[in-house]
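Peer 1: Quick one: sequence plus predicted model below, questions after.
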Amino acid sequence: MSKPPSSRIFPPMRAAGLARLAEFLPAAARAYANRRNTDHGPDDRGNVSILSPYLRHRLVTEREVLDRVLGRHSLEAAEKFVQEVFWRGYFKGHLETRPEIWSRYQAALSGQQAAVGEGGGFARAYRKAVEGRTGIDCFDAWVEELRETGYLHNHTRMWLASIWIFTLRLPWELGADFTFRHFIDGDPASNTLSWRWVGGLHTRGKTYLARPDNIAEHTGGRFRPKGLAREAIALDEPPLPTAKPARPADDAAPAGPALLLLTEEDLHPESLPLASAEIRGIFACHATAARSAFAVSDLALAFAEGAMADAATRASTHFGVEAEPLQALQADDLARRCRVLGAERILTAYAPVGPMGEEFARLRPALARSGIALTEIRRGEDSLVWPHATKGFFGLRERIPDLVAKMGIGAEAMQPDLFARETRRAAAHR
C-alpha cells in the first residue's frame with residue numbers, strides 16, 4: 001500500500017492537481033466525512049484532499065472537482081466534501097458583497113504592523129508567536145510546519161487562530177496576515193473570513209475555542225497543550241454595511257482582437273469562455289508579493305511563480321500564441337503591447353477582492369485613458385453561488401443541490417474523455 005500523500009510536496013502544476021484529484025476520488029465520500037477532522041501531521045494527509053493550492057489558483061477548478069466527485073459518488077454520500085468545495089465560493093462571494101471587511105482589515109493591519117516595527121512588549125510577543133517560541137508545543141510545531149511547507153490541515157488552522165486570539169491575545173489581523181503571507185493556498189477571502197469566524201466576527205458572537213482534549217483527540221495524541229484559554233469571548237466591531245451585489249463583469253469574451261492576461265486568481269484559461277475573442281498575445285503576472293507589507297514567504301512566491309509558468313505554457317499551446325511573464329502591471333506598457341499587436345482590449349479572469357483586485361482597480365482607469373478596455377470574465381459558477389453568500393453558510397448550503405443542477409454537474413458534464421487524458425498525462429509527471 002502506498003504511503004499517504006505528504007503536504008511537504010506541492011508541485012505547482014495543473015497535472016499535479018489532477019493527479020491528486022484522481023487519487024483522492026475513492027475517499028471523497030463517507031471516508032472523508034468520517035476522517036477529515038484529524039491532523040496526522042505533514043507526512044500523512046491521506047484523509048484529506050490537499051487540493052487547496054490547486055483550487056485557490058484554479059489550476060484545477062471547483063467545477064471540475066465537483067464533477068469528478070459527483071460522477072463517482074452520490075451527493076448524499078459526498079455531502080461533506082461537496083460542502084467544503086462550496087465553502088470556497090461562499091467565502092469569495094461573502095467578501096465580494098461586503099468589501100469593507102477587506103478595507104477594515106487592511107487599515108487595522110497597517111497600524112498593527114507599525115506597532116510591531118516600534119518594538120517593545122507587543123513586538124516581542126508577536127515575534128515569539130510567528131517564530132514558534134511561545135512554549136505552547138502544538139502551536140510552535142504548527143508555526144514551524146507552516147513556515148516549512150506553506151500548508152496546514154484545516155482543523156489546525158482553526159486551532160492556531162484560536163490560540164493566537166484567545167490565549168496569546170494578539171490582534172486577529174496580524175494573525176491573518178501571518179498565515180496569508182505563508183500559505184501557498186493563501187486566499188484573501190478564505191483566510192480573512194476564517195480568522196473572523198474563529199474570533200466571533202463572521203457569525204456574530206460565535207467563536208471557536210481550541211481545547212486541549214479536542215487537540216489531543218484529533219492529532220492522535222501527538223499534542224495535549226497546557227495553559228490554553230478556557231473561554232473565548234467574541235471580538236466586536238462596528239456594524240458592517242448591508243451586503244451589495246458584486247461589481248459587474250462579463251460572462252464571456254467580446255468578439256475581436258485582444259490580449260489575454262493571466263493572474264494567480266484563475267490559471268485554467270483553457271476553460272474560460274473566450275471563444276469569441278482573437279487572442280493575439282498572452283501575458284502573465286501575479287500579485288502574491290503584495291499580500292502584505294511584511295515579507296511574503298519564499299514558498300508562497302515560488303508556488304505562484306510555478307503555477308503561472310505552467311498556465312502560460314498551457315495557454316500558449318491552447319491559443320497558439322507566445323506567452324510572456326511580466327514583473328509588474330503598468331498601464332503604459334500594456335497599452336503599448338496592445339498597439340503593437342493590434343488589440344484594443346485586455347481579457348482576464350475576474351479578480352475578486354484582494355491584492356489583484358486592487359491592482360485592477362488601479363489599472364483600469366489608466367488603461368481607459370489610452371483607449372484600452374480591461375475586461376474581466378466571471379465564471380458562471382461564481383455568478384450562481386455568490387448571490388447566496390451574503391449571510392451565513394447555512395443559506396447557501398441549503399441551495400447546494402439546486403446549484404449543482406444549474407451548473408450541469410454530473411458524470412457526463414465535463415468531458416470525461418478529456419479529463420481521463422489529462423489524468424493520464426498528470427500521472428506521467430508524478
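Peer 2: Looks like it arrived, so ask away. Residues are numbered from 1 along each chain as shown.
Peer 1: Show the low-confidence segments of the protein, by residue range.
Peer 2: Within the chain, the set of residues satisfying pLDDT under 70 comprises 1-4, 411-430.
Peer 1: Try it again at 90.
Peer 2: Regions of the chain meeting the criterion pLDDT under 90 cover residues 1-9, 410-430.
Peer 1: For it, which segments count as strands?
Peer 2: When assigned using DSSP state E, the strands of the chain occupy the ranges 256-262, 277-284, 323-325, 345-349, 373-377.
Peer 1: what does the second one contact?
Peer 2: With contact meaning CB atoms under 8 Å, 6 or more residues apart in numbering, strand 277-284 is reached by 253-263, 308-309, 311-312, 315-316, 319, 321-326, 334, 337, 341-343, 345, 347. For the C-beta atoms, the positions are set from N, CA and C on the backbone; glycine is no exception.
Peer 1: Export the strands of the chain to a markdown table and append columns for distance to Arg68 and mean neighbour count.
Peer 2: Conversion of the strands of the chain to a markdown table gives the following (distance: least, CB to CB, whole Å; neighbours: other CB atoms under 10 Å):
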| stretch | distance to Arg68 | mean neighbour count |
| --- | --- | --- |
| strand 256-262 | 24 | 22 |
| strand 277-284 | 27 | 20 |
| strand 323-325 | 27 | 16 |
| strand 345-349 | 21 | 23 |
| strand 373-377 | 23 | 19 |
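Peer 1: Ok, which of these comes nearest Gly227?
Peer 2: Distances from Gly227 to each of those were compared using CB to CB; the minimum, 45.8 Å, belongs to strand 345-349.
Peer 1: contacting residues for Phe360?
Peer 2: Under the criterion of CB under 8 Å, 6+ apart, the contact partners of Phe360 comprise Thr348, Ala351, Leu374, Glu376.
Peer 1: circling back: got a markdown table for the strands of the chain, with distance to Gly93 too?
Peer 2: Written out in a markdown table, the entries for those read as follows (distance: least, CB to CB, whole Å):
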| stretch | distance to Gly93 |
| --- | --- |
| strand 256-262 | 23 |
| strand 277-284 | 26 |
| strand 323-325 | 30 |
| strand 345-349 | 16 |
| strand 373-377 | 16 |
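Peer 1: Figure out which of these is closest to Arg63.
Peer 2: strand 345-349 (13.4 Å).
Peer 1: packing partners for the closest one?
Peer 2: Using 3 or more CB pairs under 8 Å, 6 or more residues apart in numbering; DSSP states H and E as the contact criterion, the secondary-structure elements in contact with strand 345-349 are strand 256-262, strand 277-284, helix 331-341, strand 373-377.
Peer 1: Gly220 and Ala312, how far apart?
Peer 2: When distances are taken as CB to CB, to the nearest Å, Gly220 and Ala312 turn out to be 41 Å apart.
Peer 1: So for these two, which residue has more residues nearby?
Peer 2: The residue with more neighbours, out of Gly220 and Ala312 and counting by other CB atoms under 10 Å, is Ala312; that gives 21 against 12.
Peer 1: Go ahead and name everything in contact with the longest helix along the chain.
Peer 2: Ranked by residue count and defined by DSSP state H, the top helix of the chain is helix 298-319. Counting by CB under 8 Å, 6+ apart, the neighbours of helix 298-319 from elsewhere in the structure are 10-15, 53, 57, 59, 149-150, 181-184, 186, 260, 262, 264, 267-270, 279, 282, 284-286, 288-289, 291, 321-325.
Peer 1: Relative to Ile372, how far out is the nearest residue to Ala290 once chain neighbours are set aside?
Peer 2: Among residues not flanking Ala290 along the chain, Pro355 sits closest, at 4.1 Å (CB to CB, 6 or more residues apart in numbering). Pro355 sits 22 Å away from Ile372 when distances are taken as CB to CB.
Peer 1: Could you do Glu100 as well?
Peer 2: Glu100 is 30 Å from Ile372, where distance means CB to CB.
Peer 1: of those two, who's got more company?
Peer 2: For Glu100 versus Ile372, neighbours defined as other CB under 10 Å are more numerous around Ile372 (24 against 14).
Peer 1: Hmm, Arg345 and the more buried one touching each other?
Peer 2: Yes. Under the criterion of CB atoms under 8 Å, Ile372 is in contact with Arg345, at a separation of 6.8 Å.
Peer 1: ok so, going back, correct me if wrong: the residue nearest to Ala290 contacts Ser292.
Peer 2: No. Taking CB under 8 Å as the definition, Pro355 is not a contact partner of Ser292, at 9.1 Å.
Peer 1: Between those two, which is the more surrounded one?
Peer 2: Legend: neighbour count by other CB under 10 Å for Pro355 and Ser292, higher for Pro355 (22 against 18).
Peer 1: Tell me how far stretch 195-210 lies from the chain's centre.
Peer 2: Taking the mean C-alpha point of stretch 195-210 and that of its whole chain, the gap between them comes to 20 Å (CA atoms, centre = their mean, to the nearest Å).
Peer 1: What is the end-to-end distance of it?
Peer 2: Distances were taken as CA to CA, to the nearest Å; on that basis the terminal residues of stretch 195-210 are 13 Å apart.
Peer 1: Okay, buried residues for it please.
Peer 2: With burial defined by 16 or more other CB atoms under 10 Å, the residues of stretch 195-210 counted as buried are Trp195, Arg196, Trp197, Val198, Gly199, Gly200, Leu201, His202, Thr207, Tyr208, Leu209, Ala210.
Peer 1: From Val60, how far out is the last one?
Peer 2: What that stands for is Ala210. In this structure, Ala210 and Val60 are separated by 31 Å, where distance is defined by CB to CB.
Peer 1: Glu145 too?
Peer 2: Using CB to CB, Glu145 is found at 24 Å from Val60.
Peer 1: re earlier: nearest to Arg88 among the strands of the chain would be which one?
Peer 2: In this view, these are compared for proximity to Arg88 by CB to CB, and strand 345-349 is the closest at 15.2 Å.
Peer 1: Show the contacting residues for the closest residue to Ser297 other than its chain neighbours.
Peer 2: Of all residues not flanking Ser297 in the chain, His182 sits nearest, at 4.5 Å (CB to CB, 6+ apart). Applying CB under 8 Å, 6+ apart to His182 gives the contacts Leu146, Arg147, Gly150, Val296, Ser297, Leu299, Ala300.
Peer 1: can you rerun that using 6 Å?
Peer 2: With CB atoms under 6 Å, 6 or more residues apart in numbering as the criterion, the residues that contact His182 are Leu146, Gly150, Ser297.
Peer 1: now do Val296
Peer 2: Arg181, Ala289.
Peer 1: I'm done for today, thanks for sticking with me.
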